[in-house]
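*Asks:* Just the structure for this:
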Amino acid sequence: MSLLRRSVLIRSLQAALALSAVAGLTPVQAQNTTTRILVGFPAGGGTDAIARILAERLQAELGHSVVVENKAGAGGQIAAQALKAAQPDGHTLFLSHDHSVSILPLTMKNPGFDPGKDFVPVAGFATFVNAVALSGGTPAKDFKGWVDSVKAAGGKASVGIPAPASTPQFAVQVIGKQFGLDLVAAPYRGSAPMMGDMLGNQIPAGVGSVPDFIENHKAGKLRVVAVMGTQRQAALPDVPTFTEVGIKGFEEVPYYGLFAPAGTPRAALDKLGAAVQKVIAQTDVKDKLNTMGLTVGYMSGAELGKREVAYREVWAKIIKDSGYQPQ
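*Replies:* Next up, the predicted model:
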């Protein structure tokens, strides 16, 4: 090798090392960066589908690979614990709705994480609502018809929920109490297996998020008969709200957001937040998420953090009033 060529190679290597040092990465890491988005539920469910839509576009914004990693089980607890254990380098995120971050710490004595200490909010990107849906084989056509049919059959019925000790479980309890029904919440390991049993008419009804139900509702395979909150959803304009059918206490609607391990550098958080904001502003992404039953809207990390705390305070009272004892 000539002296000139060797000198050029040495200078190139030095430049690469300097650039990598500024980024906090080795040369190999700089070339092979991958951001993981942890999802606490199985592939095929609503949260998984949302994560994959965002991951595809975040990859273009961040300039490196972004992959979805399903760590299903325990209502998102496994994924939350994995986030806590991850390196705070800006390359591991947790895409979660309210259950894993806000509800689990209220229903478990030792969930293995503290959202206020172990996580840092990156960005919120949507709100959504839970809903009551009926399986295709259930004769009732609307919420009142279902309540009447349960009463006529002795007042007892099973209602599927995607996770134990979740907001859907407490919704089932409140609905039962308000309408004089003996409703039994049947917990599943995520929305996908619950949907499988509903589509197979193994369970007559379920309570879960609109993103979990909406595709099969539109296909006529099940019927969403009531949605949480005080306002009808744009994706389901003909479906009455909980308020309209007489279900009270569920005015605070859930959220979706991205979280990182505590200690993640501010620069990395700002970069990720800006990327999320750009992605959800893209018309086709926004349309896809809206079609799935989400109300898309950007929340900064600080705004998401405040919403999470406020949401947890509301549900702390609901859970306490239900008589539920943390397990």
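
*Asks:* all helices of the stretch 101-250 of the chain, in order?
*Replies:* 104-107, 115-118, 143-152, 167-179, 191-199, 210-218, 242-245 (DSSP state H, counting those that start in this stretch).

*Asks:* So what touches the fourth one?
*Replies:* With C-beta atoms under 8 Å, 6 or more residues apart in numbering as the contact definition, helix 167-179 has outside contacts at 98-99, 103, 130, 132, 147, 151, 159, 161-163, 181-185, 187, 206-208, 228, 246-250, 254, 315, 318-319, 322, 324. Quick note: C-beta positions are derived from backbone N, CA and C, even for glycine.

*Asks:* Next, the buried residues of it.
*Replies:* Within helix 167-179, the residues that qualify as buried by neighbour count (16 or more other C-beta atoms under 10 Å) are 167-176, 179.

*Asks:* I'd like those written out as a markdown table, with distance to Ser191 and pLDDT added.
*Replies:* Output for the buried residues of helix 167-179, formatted as a markdown table (distance: C-beta to C-beta, whole Å; pLDDT from 0 to 100):
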| residue | distance to Ser191 | pLDDT |
| --- | --- | --- |
| Thr167 | 13 | 91 |
| Pro168 | 10 | 93 |
| Gln169 | 13 | 93 |
| Phe170 | 17 | 93 |
| Ala171 | 14 | 94 |
| Val172 | 15 | 96 |
| Gln173 | 19 | 93 |
| Val174 | 20 | 91 |
| Ile175 | 19 | 95 |
| Gly176 | 21 | 96 |
| Phe179 | 24 | 96 |
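
*Asks:* Quick check: the farthest pair among those residues?
*Replies:* The span of the buried residues of helix 167-179, defined through C-beta to C-beta, is set by Thr167 and Phe179 at 18.3 Å.

*Asks:* Could you point out which residue ranges in the chain have low pLDDT?
*Replies:* 1-32 (pLDDT under 70).

*Asks:* so what's Leu304 up against?
*Replies:* If you count contacts by C-beta under 8 Å, 6+ apart, Leu304 has them with 121-124, 255, 257.

*Asks:* and the gap between it and Gln325?
*Replies:* 29 Å (C-beta to C-beta, to the nearest Å).

*Asks:* How about the contacts made by the closest residue to Val172 other than its chain neighbours?
*Replies:* Counting by C-beta to C-beta, 6 or more residues apart in numbering, Ala185 is the residue found nearest to Val172 once chain neighbours are left out, at 4.3 Å. With contacts defined as C-beta under 8 Å, 6+ apart, Ala185 is in contact with 158-159, 161, 164, 168-169, 172-173, 207.

*Asks:* swap in Thr47?
*Replies:* 39-41, 95-97, 191, 211, 256.

*Asks:* would you list those in CSV and tack on distance to Lys218 and neighbour count?
*Replies:* Compiled in CSV, these are given as follows (distance: C-beta to C-beta, whole Å; neighbours: other C-beta atoms under 10 Å):
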residue, distance to Lys218, neighbour count
Val39, 23, 28
Gly40, 26, 31
Phe41, 21, 29
Leu95, 24, 26
Ser96, 26, 28
His97, 21, 25
Ser191, 16, 27
Pro211, 12, 25
Tyr256, 21, 26
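
*Asks:* Cross these against helices and list the overlap.
*Replies:* 191, 211 (DSSP state H).

*Asks:* what's the closest of the contacts of Thr47 to Ala235?
*Replies:* Closest to Ala235, out of all of those and judged by C-beta to C-beta, is Pro211, at 9.3 Å.

*Asks:* Which residue is the nearest non-sequential neighbour of that closest one?
*Replies:* Pro211 sits nearest to Gly46 (C-beta to C-beta, 6+ apart), 3.3 Å away.

*Asks:* The one you found contacts Ser191, correct?
*Replies:* Yes. Gly46 is in contact with Ser191 according to C-beta atoms under 8 Å; the separation is 5.9 Å.

*Asks:* Give the intersection of the neighbour lists for these two.
*Replies:* The contact lists of Gly46 and Ser191 share 209, 212, where a contact means C-beta under 8 Å, 6+ apart.

*Asks:* Doesn't Ile319 belong to a helix?
*Replies:* Yes. Assessed by DSSP: H, G, I helix; E, B strand; the rest coil, Ile319 belongs to a helix.

*Asks:* pretty sure it is touching Leu104, no?
*Replies:* No. Checked against C-beta under 8 Å, the pair Ile319 and Leu104 is beyond contact range at 11.2 Å.

*Asks:* Can you tell me the centre-most residue of the chain?
*Replies:* His97 (3.0 Å; C-alpha atoms, centre = their mean).

*Asks:* Tell me who's in contact with that one.
*Replies:* Each residue near His97 by C-beta under 8 Å, 6+ apart is listed here: 47, 128, 209, 254-257.

*Asks:* Alright, I will stop here.
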